[in-house]
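# here's my sequence, what's the structure:
(one chain, ligands or ions: 1)
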Amino acid sequence: MPNGVPTPITIACGDGIGPEVMDAVLMMLAVAGAKLEVEEVQAGEALYKRGVLTGLDPAGWDSIRKTRVFLKGPITTPQIPGAKSLNVAARARLGLYANVRPCMSFHPYVRTRHPRTDVVIVRENEEDLYAGIEHRQTDDVIQSVKLISRPGSERIIRYAFEHARANHRRKVTAFVKDNIMKLTDGLFLRIFQEIAAEYPEIKADHLIVDIGAARLADQPERFDVIVTLNLYGDIISDIAAQITGSVGLAGSANIGSQCAMFEALHGSAPMIAGQGIANPSGLLMAAIMMLVHIGQGEPAAKLHNAWLKTIEDGVHTADVFSRGVSRYRVGTRQFAEAVMERLGQVPQTLPVVGYASDRPALDTGIRISPRLVAAKDLVGVDVFLHWSAGGPDDLAALALPLAGDAFELASISNRSQKVWPDGHADIFCTDHWRCRFMARNGTVTHADIVGLLSRFAAAGLDFIQTENLCNFDGKSGFSAA
Ligand code: NAD
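Coordinates of the predicted model:
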């Protein structure tokens with residue numbers, strides 16, 4: 001956007017305290033000199049009640065697609081059958097692949113046991129178990145599919161390194177569970193290591209997510225930027241926000257290649273709505289991230305520094321007010337006025353913030369490598385069964401004659417534990433079985449698999465799922481039985 005021309009943005013006040021904190025934030029943005037052309041749309045409870053199941057109507061979606069920037073107030077999660085969280089809908093519809101959540105302590109002005117916390121969590125937003133692919137397969141077992149893609153991983157990891165570079169951060173740590181999920185989390189880690197090599201000035205390391213989360217909760221100052229998969233990121237970003245002692249002060253960004261959405265971490269706080277006491281800081285932090293995203297670094301830094309000075313001066317809303325630390329207990333509007341009075345000032349002990357004024361939105365630089373097409377050989381098939389008429393040896397006796405000329409029955413497992421041949425007698429078995437058939441002569445065809453399944457059907461065996469077993473460039477593309 002050329003100098004002085006306002007950037008169009010879409011806003012939705014949302015529910016509960018949303019309208020009061022949005023009013024305060026818009027006032028601060030205007031006085032700080034942000035150049036914005038604001039288009040307001042309705043979102044949340046009122047729309048859900050009218051049967052709009054995403055909480056945002058077509059006019060709202062059109063506005064966001066046009067402005068490509070959405071500042072969103074908190075939304076009360078609907079208790080209406082079929083209704084979807086607006087956050088989940090927005091991430092999917094707008095391709096918001098990166099969730100970025102800076103978590104920082106404001107010691108000694110806001111109480112925390114971790115005074116040196118200053119970490120950014122970059123969470124993949126679209127894949128993993130959040131794909132929501134779930135099936136009930138048997139009486140006993142329900143399955144949820146974890147999907148990890150090379151381009152999805154590459155994009156989020158590169159985004160994390162670009163974010164680190166642009167914000168002068170020194171280290172990026174990946175959290176994975178590749179010791180257990182060798183293929184999915186293993187892919188994420190491999191891509192992390194490939195991309196880290198492109199950023200020699202940034203230190204890169206990785207931790208298993210369980211010990212990583214424990215260290216984050218105990219010694220957050222060890223971390224700078226953390227990049228991780230969707231589910232781990234969901235959990236650790238709440239841990240990181242909580243340990244700063246100030247969940248109400250944090251904002252987050254959801255970034256896509258076309259659109260971006262900015263919001264506070266907190267919800268609609270219905271118990272205090274309409275009282276004029278809500279803290280507008282979470283939404284203000286989100287708005288500051290938005291200004292940086294659209295290249296208005298100057299008003300972003302001015303607002304951020306004035307806000308830090310306000311916090312330092314002990315001007316606090318009730319949620320962070322603490323005797324002996326805070327000096328003035330103020331409402332939403334007085335807090336915003338205190339920030340506006342301090343525009344042009346900088347904090348005395350908290351670090352002063354600076355943002356480049358002309359930096360373009362980060363996602364424009366995110367590159368994805370061309371697809372690597374491998375030589376793929378079909379070498380077997382896993383046939384999953386719903387079956388409860390006996391034990392492993394009984395099932396093997398039924399399955400062995402069905403293998404035909406193309407296959408041999410290699411193993412049977414139950415909940416991933418091998419139970420045949422040579423299974424442990426004490427393994428508890430459910431009604432969910434996997435028969436692994438491998439090619440007798442190197443490879444098989446789809447027609448061979450169809451033939452195998454026909455024989456299962458004729459034998460009255462209830463197959464519930466098959467997974468082709470393939471080698472890619474000669475390397476196994478499936479986990480061991
Ligand atoms: P909440 O964040 O609304 O409130 C938790 C506690 O923090 C309450 O005591 C509340 O009074 C306080 N609080 C929150 N924000 C505050 C602020 N800005 N200033 C002062 N105090 C603040 O969480 P909740 O009560 O679990 O959820 C309320 C509703 O919001 C639910 O419907 C929930 O699903 C929804 N929610 C929405 C979002 C979102 O839109 N992104 C996020 C979280 C929760």
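# now residue 14, what's its secondary structure?
Taking DSSP: H, G, I helix; E, B strand; the rest coil as the rule, one finds residue 14 in the coil state.
# and the stretch 101-250 of the chain, which residues reach the ligand?
The interface of the stretch 101-250 of the chain toward the ligand, taken as CB under 6 Å from any ligand atom, is made up of residue 248. C-betas here are computed from N, CA, C, even on glycine.
# again, 8 Å this time
By the criterion of CB under 8 Å from any ligand atom, the positions of the stretch 101-250 of the chain lying close to the ligand are 247, 248.
# can you give me phi and psi for whichever residue of the stretch 101-250 of the chain sits closest to the ligand?
Across the stretch 101-250 of the chain, no residue is closer to the ligand than residue 248, which sits at 4.6 Å (CB to the nearest ligand atom). Recorded main-chain torsions at residue 248 are phi -70, psi -10, according to degrees, to the nearest 10.
# for stretch 51-62, list the C-alpha coordinates in PDB.
As requested, C-alpha coordinates have been extracted for stretch 51-62 and formatted as PDB (Å, rounded to 0.1, in the frame of the first residue of the first chain):
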ATOM      1  CA  GLY A  51     -29.200 -20.500  11.200                       C
ATOM      2  CA  VAL A  52     -25.800 -19.300   9.700                       C
ATOM      3  CA  LEU A  53     -23.800 -22.300  10.800                       C
ATOM      4  CA  THR A  54     -20.300 -20.800  10.400                       C
ATOM      5  CA  GLY A  55     -21.200 -17.600  12.300                       C
ATOM      6  CA  LEU A  56     -20.400 -15.400   9.300                       C
ATOM      7  CA  ASP A  57     -22.700 -14.900   6.400                       C
ATOM      8  CA  PRO A  58     -21.800 -14.700   2.700                       C
ATOM      9  CA  ALA A  59     -21.400 -10.900   2.800                       C
ATOM     10  CA  GLY A  60     -18.900 -11.300   5.700                       C
ATOM     11  CA  TRP A  61     -16.900 -13.900   3.800                       C
ATOM     12  CA  ASP A  62     -16.900 -11.700   0.600                       C
END
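# now it: buried residues?
Within stretch 51-62, the residues scored as buried using 16 or more other CB atoms under 10 Å are 52, 54, 55, 56, 60, 61.
# pop the domain breakdown of the chain in here.
If the domains of the chain are taken from automatic domain parsing, they occupy 2-365, 376-476, with pieces of a single domain joined by a plus sign.
# my read is that residue 136 contacts residue 142, right?
Yes: using CB atoms under 8 Å, residue 136 and residue 142 qualify as a contacting pair, with a distance of 4.8 Å.
# ok, and the closest non-adjacent residue to whichever residue of the stretch 201-350 of the chain sits closest to the ligand?
Evaluated by CB to the nearest ligand atom, the stretch 201-350 of the chain has residue 267 as its residue closest to the ligand, separated by 2.4 Å. Leaving aside its sequence neighbours, residue 267 sits nearest to residue 74 (CB to CB, 6 or more residues apart in numbering; 4.9 Å).
# what's the helix or strand for that neighbour?
With elements taken from DSSP states H and E, nothing contains residue 74; it lies in neither a helix nor a strand.
# what of residue 334?
Under the criterion DSSP H and E, the helix or strand holding residue 334 is helix 332-341.
# the helix or strand following that helix: which residues count as buried?
Proceeding N to C from helix 332-341, the next assigned helix or strand is strand 376-386, under DSSP H and E. The neighbour-count criterion (16+ other CB under 10 Å) identifies 377, 378, 379, 380, 381, 382, 383, 384, 385, 386 as the buried residues of strand 376-386.
# ok, now stretch 426-445?
The neighbour-count check on stretch 426-445 (16+ other CB under 10 Å) flags 429, 431, 432, 433, 434, 435, 436, 437, 438, 439, 444 as buried.
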